[in-house]
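1. Structure, please.
(one chain, ligands or ions: 2)
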Amino acid sequence: EAGRLLFAGPVTFLKGVVDMSGLPPADRLEVCFAGRSNVGKSSLINALTGRKALARASNTPGRTQEINYFTLGDSRYLVDLPGYGFAEAPKPVVARWQELMRSYLAGRVTLRRVFLLIDARHGPKAVDGEIMTLLDRSAVTFQAVLTKADKPNARDLAAAIEATKTMLGKHPAAFPEIVVTSSETGRGLATLRAIVAELS
Ligand code: GTP
Ligand code: MG
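-> Ligands and ions are numbered 1, 2, ... in the order given. As a prediction, the model looks like this:
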């Protein structure tokens with residue numbers, strides 16, 4: 001109910017940020033959406049907020065290159081992080097991304113939870129484990145969110161959940177509950193909205 005009310009309120013794109021000096025004032029709680037390129041971060045933000053084209057979603061991996069800030073009512077920021085693990089990204093781009101992520105994750109005091117998105121068709125990859133290690137070191141609680149759950153069959157989905165559980169077990173900053181979602185069918189969205197609303 002709290003989640004429904006919060007997400008029914010106004011949502012706006014605030015700004016795209018390319019370095020730490022561009023971050024908006026840390027005057028409210030925020031959650032961010034992290035994950036490999038194309039995992040469905042922008043689509044999930046659109047689905048959660050019911051705004052079709054709020055966060056850009058596309059078929060072109062690596063499209064979201066900035067940290068995009070959205071305001072949710074006047075009490076939360078939703079943050080769309082640039083995707084990682086895009087094989088064709090040039091080295092300097094990857095290095096800049098890593099540096100920005102490190103400073104953001106370690107230095108943002110109002111960041112309450114990272115939603116770490118994992119494609120339900122493939123389960124977690126090594127690069128997801130690397131990000132989890134970075135989150136452990138930054139002491140930021142993260143929660144695994146499986147995306148595109150409308151795609152795999154029941155057996156493959158169960159395998160992806162199992163593999164995710166196994167990986168989470170190795171990471172002290174992991175929140176134990178996994179949220180299974182689909183931006184297409186709406187599965188799991190109410191659960192995520194409630195989590196965002198109830199953070200304190
Ligand atoms: P980057 O910004 O490039 O890192 O990508 P992203 O993680 O923001 O992914 P995006 O939301 O742009 O989605 C990538 C592709 O996956 C698009 O073609 C979406 O339509 C598709 N997609 C996203 N979520 C779902 C889902 O729940 N189900 C299905 N079937 N497709 C999805
Ligand atoms: Mg995106």
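2. Can you tell me which helix or strand of this structure has the lowest average pLDDT?
-> Sorting the helices and strands of the chain by mean pLDDT, DSSP states H and E puts helix 91-107 at the bottom, at a mean of 85.
3. can you pull the pLDDT of the residue nearest to K148 when sequence neighbours are not counted?
-> Spatial nearest neighbour of K148, chain neighbours left out: A120 (5.3 Å); criterion: CB to CB, 6 or more residues apart in numbering. (Each C-beta comes from the backbone N, C-alpha and C, glycine too.) The model reports A120 with a pLDDT of 98.
4. how deep is L117 tucked in, by neighbour count?
-> Neighbourhood size, L117 [other CB atoms under 10 Å]: 26.
5. Select the longest strand from this structure.
-> Longest strand in the chain by number of residues (criterion: DSSP state E): strand 111-119.
6. by contact count, what packs against whichever helix or strand comes after that strand?
-> Using DSSP states H and E, the next helix or strand after strand 111-119 towards the C-terminus is helix 126-138. Applying 3 or more CB pairs under 8 Å, 6 or more residues apart in numbering; DSSP states H and E, we find helix 126-138 packed against helix 91-107, strand 111-119, helix 154-168.
7. how much space is there between the spatially most central residue of the chain and Y77?
-> What sits nearest the mean C-alpha location of the chain, by CA atoms, centre = their mean, is F33, with 1.5 Å. Counting by CB to CB, to the nearest Å, the gap from F33 to Y77 is 11 Å.
8. Then T166?
-> Separation of T166 from Y77 (CB to CB): 32 Å.
9. who has more neighbours, these two?
-> Between T166 and Y77, counted using other CB under 10 Å, the more crowded position is Y77 (21 against 11).
10. The more buried one touches E30, doesn't it?
-> Yes - counting by CB atoms under 8 Å, E30 is a contact partner of Y77 at 3.7 Å.
11. what residues are shared contacts of those two?
-> Contact criterion CB atoms under 8 Å, 6 or more residues apart in numbering; residues shared by Y77 and E30: T110.
12. Pull up the gap between the residue of the chain found nearest ligand 1 and R112, please.
-> In the chain, the residue that lies nearest ligand 1 is G83 (2.3 Å; CB to the nearest ligand atom). Note on G83: its distance to R112, by CB to CB, is 21 Å.
13. ditto for A197
-> A197 is 12 Å from R112, by CB to CB.
14. got the contact list for L157?
-> Counting by CB under 8 Å, 6+ apart, L157 has contacts A120, L146, A149, V180.
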